[in-house]
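Novice: show me the folded form of this:
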Amino acid sequence: MIGLLRMLGARTLEGLRGLGEAVLLVARILRAAPAVALRPRLLIEQLYAVGVQSMVIILVSALFIGMVLGLQGYYTLADFGATEAVGTMVALSLVRELGPVVTALLFAGRAGSSLTAEVGLMKATEQLSSMEMMAVDPERRILAPRFFAALIAVPLLTAVFSVIGILGGYLVTVGMIGVDSGPFWSNMQNAVTIRDDILNGVIKSAAFGLLAGWITLHKGYTAVPTSSGVSRATTRGVVHASLAVLGLDFLLTALMFE
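Specialist: Predicted coordinates for the structure are as follows:
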């Protein structure tokens, strides 16, 4: 019993120490924002790496999710004689929840794993130590551009996801099933509001981008400098970022729609 309590205490202290290190790391990264602004080329390069190169999986996923939403929504609403509201259901589902959450999960799996592995390999090959020896701060030069790129890219990818998802729902319900396109768009425009729906989706996506970038970069920066250590850090980064996004989504939804 004493051994179990000792193990639980050690794990708890280790978790708290890791959380404190992560908070200090993101605080230092945020302080490096002026340095990133003075070197926009680094930020643009990372936006291309984590944003543009994630477009394919975002576009394909959004299209099929929108098509499935339209199909399922039509057959569900048909039982109540409200098929004209299928556009509203698709749009609200994507803008409020599925757009920000699925985009963040895809970002964590595709771009987040890349960030963790890249930073972890830099540490394993002592590139970060070499920068420190040359009086170059790796947190400003390596971590900060990647962090702010994630913060910017996720809201933009979320907007693309929502638009393509709505188009996918339109293709199925209007193009294939034959729902009237007039009520599809008019009901959607009347139901979706900027303040209660779109703005909340933007806030969620920005928070998810900050969280995904923060966790994945921290895992890479603190990875054990071996091949197996980088591999474990990459796996943990994706898993922890995904779980954190889902948990934060519940909290933000409870606050926004109280």
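
Novice: number of nearby residues for the closest residue to residue 209 other than its chain neighbours?
Specialist: Counting by CB to CB, 6 or more residues apart in numbering, residue 209 lies nearest to residue 154, which is 3.0 Å off, once chain neighbours are set aside. (Each C-beta comes from the backbone N, C-alpha and C, glycine too.) Other residues within reach of residue 154, judged by other CB atoms under 10 Å, total 32.

Novice: now the one 10 residues further on
Specialist: Look at residue 164: counted by other CB under 10 Å, it has 21 neighbours.

Novice: name the nearest residue to it, ignoring sequence neighbours.
Specialist: residue 62 (3.9 Å).

Novice: tell me the contacts of that neighbour?
Specialist: 94, 99, 102, 160, 161, 162, 163, 164, 165, 168 (CB atoms under 8 Å, 6 or more residues apart in numbering).

Novice: would you turn those into TSV with distance to residue 215 and pLDDT?
Specialist: Putting the contacts of residue 62 into TSV (distance: CB to CB, whole Å; pLDDT from 0 to 100) gives the following:
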residue	distance to residue 215	pLDDT
94	25	92
99	21	92
102	18	95
160	23	95
161	21	95
162	24	93
163	27	94
164	26	95
165	26	94
168	30	93
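
Novice: and the two most separated of those?
Specialist: 102 and 163 (13.7 Å; CB to CB).

Novice: these two - which one has more neighbours?
Specialist: Each of residue 102 and residue 163 had its neighbours counted (other CB under 10 Å), and the higher figure belongs to residue 102 (20 against 16).

Novice: show the secondary-structure elements that the helix or strand hosting the more buried one is packed against.
Specialist: Here residue 102, judged by DSSP states H and E, is contained in helix 99-107. Taking 3 or more CB pairs under 8 Å, 6 or more residues apart in numbering; DSSP states H and E as contact, the helices and strands that helix 99-107 lies on are helix 55-78, helix 144-170, helix 199-221, helix 227-256.

Novice: wait, residue 174 sits on residue 185?
Specialist: No. Because the distance of 9.2 Å does not satisfy CB atoms under 8 Å, residue 174 is recorded as not touching residue 185.

Novice: before we move on, back to that, what's next to the helix holding residue 102, contact-wise?
Specialist: Counting contacts by CB under 8 Å, 6+ apart, the residues touching helix 99-107 from outside are 50, 54, 57-58, 61-62, 65, 150, 153-154, 157-159, 161-162, 165, 201, 204-205, 208-209, 211-212, 242, 245-246, 249.
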